[in-house]
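**Student:** Here is my input, please return the structure:
(chains A and B)
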Amino acid sequence: MNIIIIGCGKVGEALAEQLNEQGNNITVIDTDMKKLNSVSSKCDVMGVNGNGATHLVQQEAGIESADLMIAVTGSDELNLLCCLIAKKAGNCKTIARVRSPQYSKEAPFLKDELGLAMVINPEYAAAAEIARVLRFPSAMRIDTFCRGRVELIKLRLPENCPLVGLAVKELSSKLGCDVLVCTIERGDEAYIANGNTVFEERDVISIIASPKKANDFFRKINYKSKSVKDAMIVGGGELGHYLCDMLVNDGVSVKIIEKDPQRSDELCAQWGGAVTVINGDASDQEVLLEEGLAQTGAFVALTNLDEENILLSLFARSTGNAKLVTKINRIDFEDVIKHLDLDTIIYPKNITSDTIVRYVRSLKNTQGSNVEQLHQVIKGKIEAAEFIIRDKSSVTGTPLMNLKLKSGILVAAILREKKVVIPRGSDTVEPGDTVVIVSDRSELHDITDILR
Amino acid sequence: MNYRMITYILGWILIFEAIFMVLPAVTALCFGESAVLWFAATAIICLVPGILLTQIKKPVNKKLYSREGFVIVSLSWIVLSVFGALPFFLSGEIPSFIDALFETVSGFTTTGASILNDVEKLSKSMLIWRSFTHWVGGMGVLVFIMAFVHLSGAQNMHIMKAESPGPSVSKLVPRIKTTALLLYSIYFVLTLVEFVLLLVGGMTPFEALNTAFATAGTGGFGIYNSSLGGFSAYIQIVVVVFMLLFSVNFNSYFFLLKGKPKEALTSEVLVFFAIVAASIVTIALDISNSAGSMGKAFLDSSFAVSSIISTTGFSTADFNLWPELSRTILVLLMFIGACAGSTGGGIKVSRIIIMFKNLWKELLVMIHPNLAKKVKLDGRSVDHETVRSVSVYLVAYVLLFTASLVLISIDNHDLITNFTAVAATVNNIGPGLEAVGPTANFAFFSAFSKIVLIFDMLAGRLELFPMLLLFNPATWRK
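**Tutor:** From the prediction side, this is the model:
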């Protein structure tokens, strides 16, 4: 596909990199020549210097032959204008990043009236992800498939875990757990699990299981798992605002700490009694302790400073047992941060780019591929794709153990008539099923691609 | 430095060199020449290390940075030339290896300067190999490889930037591979059209192919001692037109194909044609007495002007015998050269334009010390990096020129010969004036001077910096 990306910040760059790797022709527009040079020396994309909201520049970037235009500049208005112009100048689908809640509320209207294919709000998407994690606090991250029926849960093995030393195939015989282990991350390496993989201490694993069996599994491996009753949020920005909304809906009692008195007043006015707004400086440890950091079920650090978020979470780790969620804006140090003991880390920028990449992949459905949904389980290494099996093919009808699968491919779940099947060797894939495939290769376009 | 990646790409160069041998080998078979053996031998000599370096074990780390890009390009061209000289040397048709190397470098860099006193003595397959090196070198061998082989993804841009001429290299389409393929398609089609037109004019297929290759690469190796002097006016006009076409920025053709004629006519192209027109008229008037008729004067003048400014170096009339004004204009044209992004050499018209605009800007700044002004080209401002690199390029150019001039003056030839010999090699033209004039050749230089000139040709084709960086120890440090 020919894709134009306007705005070459962190999100634009991440998008250019990922979409380029998936074989799209990318043109990036930005006013800053330096940024363009840096992105075009990192990946095979063309840079066009200029204001992306002007017709001339869009023409230069080849808007007439573009299939998709993505506007991710820093300004909402500019993004919307880019989309409008692209719509008139060419015949492409358009995606705008819109972060202000005022516009965001009108997203459906904007989509219809301006003909946008997608309006993405990074803060809202991040809040939704945090809320999902807090519903199931034992996990580091949860991806959902098949409209939420299948959950892929990622967790770090706890200390003194009985799993350590066991091989994957011994799970059901030794522990009596019926879960499917998909991936194992060890240090910087990531593998697709096979029967002979042996668990080691501090592994990060991802599993697929029904909620009940997952809880059973957590209990057996000494993993603390209680749903969050109360949460403490530091930072009352937009993300905090959205998150409060969602948590209040889930019946969680929320305490939000905000430094700015004026913003605190605004926040109080929103919810009345359901949310406790504390006007204070969270970097003051006394404030946190006084508000019950040691007892809280979840601690969410959402200030605008990455360093402060990390330090706050580490402090919370040392004083209590809370489930930690840390927001990080800069994605450059992902590799360093993941070695810290910080439970869940939320990168709003990655969420934005992942959502868009997923959309682009699904756009390609009409161009021969039938990937329904796509999640990056481990960034750049392992992804999970959802396929709908429409017709009979070489994959259907044969028991899985008899299929000649490529290496690094795992059939992780089968959804048949609204029931989730965790596949075993004797199961088969039938037309009408939805299948989740976990793989370490990103060139899966059709379900038959999993065969050798 | 990613040494493994460098050797990997050099391996590909050798494989492609072996593939290039197919054309002269087939020619040798067609004409029943024994030289086919030497081409086959060279192909095998290239293939063995080539396959060892590329196929046995692929490099794990494919990362390239700009310094690797520069080193890869300069080493590739050296390796390409050394192995390309083997057929001449092994067959004994050019007995001295330095001479064979000079001829091959002159071919690949599209210079067209020769050390052969009698070109017509060479076998036909050697002649086609000479001309073919022009065609391969014109658009760039690494660009050619990139069109077919996946080398290292995005970082290929570093290689393309180092190999393609001009102050700022950009892509035509998002993918480098597609860009390379597009450039070569345009190049191929233009060459084909010229080939057909030359056939129509009565050339034999062999003559037409040689001439088309040499024009397309703006090289200028002739297959007769009189270059193109013996051919009809029609042939000469076809060659004039194509010499000019190949010295236009190939981006312009891309825009023409896309139906955007306005964007194709950049100020660089306009200035280029203005310089060509003005020079043709001046020289035609200057030589009208000696040429006989006005028509002949215009034909000779336009041939010489396009041949020099496109840096091809074909000749019809002996411009060494022309009046001083004409000779001086031709020497100036040598330095201007073709447009950026073409197959021609020289300083490039766009650099000259940027240089003059920058000079104008600096003059204005002297009058208004707080003036805010940017150098603009085609309505958009040229960024500071580009302006700076143009200035640095000129400095490097002058230094290299001076050093070469001093070094070859050891041979004790006259100044005009030495000066134009350096100008003709650094700018990849071919003939100069006096002892290296259009009817003469470079055979009389000492081996040392030839090595200096070989370096000049390579440096000129690769726009100085890649070759100069080879001598900076910091380039090689880990």
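**Student:** Could you export the helix or strand of chain A with the lowest mean pLDDT as PDB, CA atoms only?
**Tutor:** Lowest on mean pLDDT, DSSP states H and E among the helices and strands of chain A sits strand A:371-378, with a mean of 72. In PDB, the C-alpha atoms belonging to strand A:371-378 read as follows (Å, rounded to 0.1, in the frame of the first residue of the first chain):
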ATOM      1  CA  VAL A 371      -5.900 -11.200   9.100                       C
ATOM      2  CA  GLU A 372      -8.700 -10.000  11.300                       C
ATOM      3  CA  GLN A 373      -6.800  -8.600  14.100                       C
ATOM      4  CA  LEU A 374      -3.200  -8.300  15.100                       C
ATOM      5  CA  HIS A 375      -1.400  -7.800  18.400                       C
ATOM      6  CA  GLN A 376       2.300  -7.400  19.000                       C
ATOM      7  CA  VAL A 377       2.800  -9.800  21.900                       C
ATOM      8  CA  ILE A 378       6.500  -8.900  22.200                       C
END
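**Student:** strand partners of it, parallel vs antiparallel please.
**Tutor:** Using DSSP bridges, the strands paired with strand A:371-378 are strand A:382-388 (antiparallel).
**Student:** C-alpha coordinates for the partner strand, PDB please?
**Tutor:** Provided in PDB are the C-alpha atoms of strand A:382-388 (Å, rounded to 0.1, in the frame of the first residue of the first chain):
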ATOM      1  CA  ILE A 382       6.300 -12.100  18.300                       C
ATOM      2  CA  GLU A 383       2.800 -11.200  17.300                       C
ATOM      3  CA  ALA A 384      -0.600 -12.800  17.500                       C
ATOM      4  CA  ALA A 385      -3.000 -12.700  14.600                       C
ATOM      5  CA  GLU A 386      -6.600 -13.600  14.400                       C
ATOM      6  CA  PHE A 387      -7.900 -15.300  11.300                       C
ATOM      7  CA  ILE A 388     -11.500 -16.200  10.300                       C
END
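**Student:** next structured bit after it?
**Tutor:** The element immediately downstream of strand A:382-388 (helix or strand, assigned by DSSP states H and E) is strand A:409-416.
**Student:** The helix or strand of chain B with the lowest mean pLDDT packs against which elements?
**Tutor:** None of the helices or strands of chain B scores lower by mean pLDDT, DSSP H and E than helix B:156-163, at a mean of 80. On a contact count with 3 or more CB pairs under 8 Å, 6 or more residues apart in numbering or on different chains; DSSP states H and E, helix B:156-163 meets helix A:33-42, helix B:66-84, helix B:141-148, helix B:176-200. Heads up, the C-betas are built off the backbone N, CA and C, glycines and all.
**Student:** quick one: what helix or strand has the residue positioned nearest the centre of chain B in it?
**Tutor:** The centre of chain B sits closest to residue B:110, judged by CA atoms, centre = their mean, with a distance of 3.7 Å. Using DSSP H and E, residue B:110 falls within no helix or strand.
**Student:** what does residue A:155 give?
**Tutor:** Assigned by DSSP H and E, residue A:155 falls within strand A:150-156.
**Student:** so what's residue A:237 scoring on pLDDT?
**Tutor:** What the model reports for residue A:237 is a pLDDT of 86.
**Student:** Give me the neighbour count for it.
**Tutor:** 16 (other CB atoms under 10 Å in any protein chain shown).
**Student:** can you check the one 5 residues further on too?
**Tutor:** The criterion is other CB under 10 Å. On that basis, residue A:242 has 21 neighbouring residues.
**Student:** Can you name the residues of chain A sitting close to chain B?
**Tutor:** A:2, A:20, A:25-27, A:33, A:40-46, A:49 (CB under 8 Å from any CB of the partner chain).
**Student:** Can I get the residues you listed in TSV including neighbour count?
**Tutor:** Listed next are the residues of chain A next to chain B as TSV, based on neighbours: other CB atoms under 10 Å in any protein chain shown:
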residue	neighbour count
A:2	20
A:20	23
A:25	21
A:26	27
A:27	25
A:33	16
A:40	23
A:41	18
A:42	16
A:43	20
A:44	24
A:45	28
A:46	23
A:49	19
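**Student:** Next, format those as CSV and append pLDDT.
**Tutor:** CSV is the format used below for the residues of chain A next to chain B (pLDDT from 0 to 100):
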residue, pLDDT
A:2, 91
A:20, 86
A:25, 90
A:26, 91
A:27, 93
A:33, 85
A:40, 82
A:41, 80
A:42, 81
A:43, 83
A:44, 85
A:45, 88
A:46, 89
A:49, 88
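**Student:** Tell me the one among these nearest to residue A:409.
**Tutor:** Of all these, residue A:20 has the smallest distance to residue A:409: 24.0 Å, by CB to CB.
**Student:** Could you report the distance from residue B:309 to chain A?
**Tutor:** 30 Å (CB to the nearest CB, to the nearest Å).
**Student:** count of residues packed around that residue?
**Tutor:** 31.
**Student:** what sits against it?
**Tutor:** When contacts are counted by CB atoms under 8 Å, 6 or more residues apart in numbering or on different chains, residue B:309 is found next to B:247, B:272, B:275-276, B:279, B:333, B:336-338, B:344, B:346.
**Student:** ok, which of those also contact chain A?
**Tutor:** Among the contacts of residue B:309, not one lies near chain A by CB under 8 Å from any CB.
**Student:** Quick check: of those, which lies closest to chain A?
**Tutor:** residue B:272 (22.7 Å; CB to the nearest CB).
**Student:** contacting residues around that closest one?
**Tutor:** For residue B:272, the contacting residues are B:247-248, B:309, B:338-339, B:349, by CB under 8 Å, 6+ apart.
**Student:** in which helix or strand would I find it?
**Tutor:** Short version: residue B:272 belongs to helix B:267-291, going by DSSP H and E.
**Student:** Check which residues of that helix are buried.
**Tutor:** B:268-269, B:271-272, B:275-276, B:279-280, B:283-284, B:286-287, B:291 (16 or more other CB atoms under 10 Å in any protein chain shown).
**Student:** Now the first helix or strand past it going along the chain - C-alpha only, CSV.
**Tutor:** With elements assigned by DSSP H and E, the helix or strand that comes after helix B:267-291 is helix B:294-309. C-alpha atoms of helix B:294-309 as CSV (Å, rounded to 0.1, in the frame of the first residue of the first chain):
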residue,chain,number,x,y,z
MET,B,294,28.0,28.5,-41.2
GLY,B,295,26.2,25.1,-41.1
LYS,B,296,29.4,23.2,-40.6
ALA,B,297,30.5,25.7,-37.9
PHE,B,298,27.3,25.2,-36.0
LEU,B,299,27.5,21.4,-36.3
ASP,B,300,31.1,21.3,-35.1
SER,B,301,30.5,23.8,-32.4
SER,B,302,27.4,22.1,-31.0
PHE,B,303,29.2,18.7,-31.1
ALA,B,304,32.2,20.0,-29.2
VAL,B,305,30.1,22.0,-26.7
SER,B,306,27.7,19.1,-25.9
SER,B,307,30.5,16.6,-25.8
ILE,B,308,32.5,18.7,-23.3
ILE,B,309,29.7,20.0,-21.0
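**Student:** hang on, the earlier thing: and the contacts of the least confident helix or strand of chain A?
**Tutor:** A:143, A:145, A:152, A:154, A:182-183, A:185, A:190, A:206, A:354, A:357-358, A:361-362, A:364-365, A:382-388, A:434, A:438, A:444-445.
**Student:** Quick one: buried ones out of the residues you listed?
**Tutor:** A:143, A:145, A:152, A:154, A:182-183, A:185, A:190, A:206, A:354, A:357-358, A:361-362, A:364, A:382-388, A:434, A:438, A:444-445.
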